[in-house]
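Okay, structure incoming, though there's no sequence with it:
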């Protein structure tokens, strides 16, 4: 009976040690990955705010002195012969297999202004 008790005790110690080590490894990995995920999140958040934030200005006077941005200039309407030539060139590219149906339709709409 003492041999059996000793075997059971040894098994309990080994199992308890393995559980403790396993738990510690899991905690360390969780902390490591949580730190990494927090850094990635912070970098993405900073990049987002950098894209969204307007450029800094120098006080109230700089805001008043800045002229408004110029209105976009409208392109002159292409003549009908230019439009026809562009459409023919587009059709040739489609026939050669260079353009897909979707690309052809998009470019055609762009040329026709619709």
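Everything's here; your move. Since the structure is predicted, the reported quantities are computational estimates derived from the model, not experimental observations.

what domains does the record give for the chain?
Split into domains by automatic domain parsing, the chain comes to 25-53, 80-112.

in the longest one, what counts as buried?
Spelled out, that is domain 80-112. For domain 80-112, burial by neighbour count (16 or more other C-beta atoms under 10 Å) applies to 86, 90, 94, 99, 104, 107-108, 111. Placement of C-beta: from N, CA and C, glycine included.

Reformat the domains of the chain as JSON lines; add distance to residue 13.
Output for those, formatted as JSON lines (distance: least, C-beta to C-beta, whole Å):
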{"stretch": "domain 25-53", "distance to residue 13": "19"}
{"stretch": "domain 80-112", "distance to residue 13": "69"}
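
Lowest mean pLDDT across those, which one is that?
Here the lowest mean pLDDT among these goes to domain 25-53, at a mean of 81.

Report the distance from that one to the chain centre.
Centroid separation for domain 25-53 versus its chain: 15 Å, with C-alpha atoms, centre = their mean, to the nearest Å.

What are the buried residues along that domain?
Neighbour counts over domain 25-53 (16+ other C-beta under 10 Å) mark no residue as buried.

contact partners of the helix or strand harbouring residue 94?
Per DSSP states H and E, residue 94 falls inside helix 80-95. Contacts to helix 80-95, defined as C-beta atoms under 8 Å, 6 or more residues apart in numbering, come from residues 78, 99, 101, 104, 107-108, 111-112.

how about these, which pair is most distant?
Farthest pair in these (C-beta to C-beta) is 78 and 101. Separation: 23.4 Å.

And the residue nearest the centre of the chain, how far from residue 52?
Nearest to the mean C-alpha position of the chain, counting by C-alpha atoms, centre = their mean, stands residue 44 at 8.8 Å. Distance, residue 44 to residue 52, using C-beta to C-beta, to the nearest Å: 13 Å.

Fine by me, we can end here.
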